[in-house]
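Engineer: What would the 3D arrangement of this be:
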Amino acid sequence: MDNFLNEGFGQSIILSAIVSSAFLIGSVAPMFIKFSSRVKANITSFASGIFFSAIAFSLVDNAIRVGSIYDMAIGFIVGTVLFGMAEKVQAWPIF
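Structural biologist: Below is the predicted model of the structure:
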């Protein structure tokens, strides 16, 4: 068992289980606690910001290794613009 935990795979499984438990707690809590729509929106916005930050920062190192810091910056700018445009299109009354 010590070999299992010392290797990256074992630690990865255990840490993933700990982190994933937050999703379970977050999905069960609203069944017993009633939140206003404003609180729900704030919690969701905060969680999505953290999630996006974690993904973005995990990709930055690889993006710089493969390309350059300029390539990474251009990719983030283009992605931000496209995401904003998609949000505006989604708000159109035909959708």
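Engineer: how distant is the longest helix anywhere in the chain from the center of its chain?
Structural biologist: Assignment by DSSP state H gives helix 37-66 as the longest helix of the chain. Centre-to-centre, helix 37-66 and its host chain are 4 Å apart (CA atoms, centre = their mean, to the nearest Å).
Engineer: helices or strands up against the helix or strand just after that helix?
Structural biologist: Per DSSP states H and E, the first helix or strand lying C-terminal to helix 37-66 is helix 69-90. If you count contacts as 3 or more CB pairs under 8 Å, 6 or more residues apart in numbering; DSSP states H and E, helix 69-90 packs onto helix 37-66. (Each C-beta comes from the backbone N, C-alpha and C, glycine too.)
Engineer: Average pLDDT for the helix it packs on, rounded please.
Structural biologist: On average, the pLDDT along helix 37-66 is 82.
Engineer: Please identify the buried residues of that helix?
Structural biologist: For helix 37-66, the neighbour count (16 or more other CB atoms under 10 Å) marks Ala63 as buried.
Engineer: Direction-wise, compare that helix with helix 69-90 and give the angle.
Structural biologist: 150 degrees (axes from the mean of the first three to the mean of the last three CA atoms, to 10 degrees).
Engineer: for the longest helix of the chain, packing partners?
Structural biologist: Checking 3+ CB pairs under 8 Å, 6+ apart, helix 37-66 ends up next to helix 69-90.
Engineer: Dump the helix it packs on to PDB, restricted to CA.
Structural biologist: Output in PDB follows, covering the C-alpha atoms of helix 69-90 (Å, rounded to 0.1, in the frame of the first residue of the first chain):
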ATOM      1  CA  ILE A  69       4.000  33.500 -24.200                       C
ATOM      2  CA  TYR A  70       2.700  35.500 -27.100                       C
ATOM      3  CA  ASP A  71       0.900  32.500 -28.600                       C
ATOM      4  CA  MET A  72      -0.700  31.800 -25.300                       C
ATOM      5  CA  ALA A  73      -1.800  35.500 -24.800                       C
ATOM      6  CA  ILE A  74      -3.300  35.600 -28.300                       C
ATOM      7  CA  GLY A  75      -5.100  32.300 -27.600                       C
ATOM      8  CA  PHE A  76      -6.600  33.700 -24.400                       C
ATOM      9  CA  ILE A  77      -7.600  36.900 -26.100                       C
ATOM     10  CA  VAL A  78      -9.300  35.100 -29.000                       C
ATOM     11  CA  GLY A  79     -11.000  32.700 -26.700                       C
ATOM     12  CA  THR A  80     -12.300  35.500 -24.500                       C
ATOM     13  CA  VAL A  81     -13.700  37.400 -27.500                       C
ATOM     14  CA  LEU A  82     -15.300  34.300 -28.900                       C
ATOM     15  CA  PHE A  83     -16.800  33.400 -25.500                       C
ATOM     16  CA  GLY A  84     -18.200  36.900 -25.200                       C
ATOM     17  CA  MET A  85     -19.700  36.800 -28.700                       C
ATOM     18  CA  ALA A  86     -21.300  33.400 -28.000                       C
ATOM     19  CA  GLU A  87     -22.800  34.700 -24.900                       C
ATOM     20  CA  LYS A  88     -24.300  37.600 -26.800                       C
ATOM     21  CA  VAL A  89     -25.700  35.300 -29.500                       C
ATOM     22  CA  GLN A  90     -27.200  33.100 -26.900                       C
END
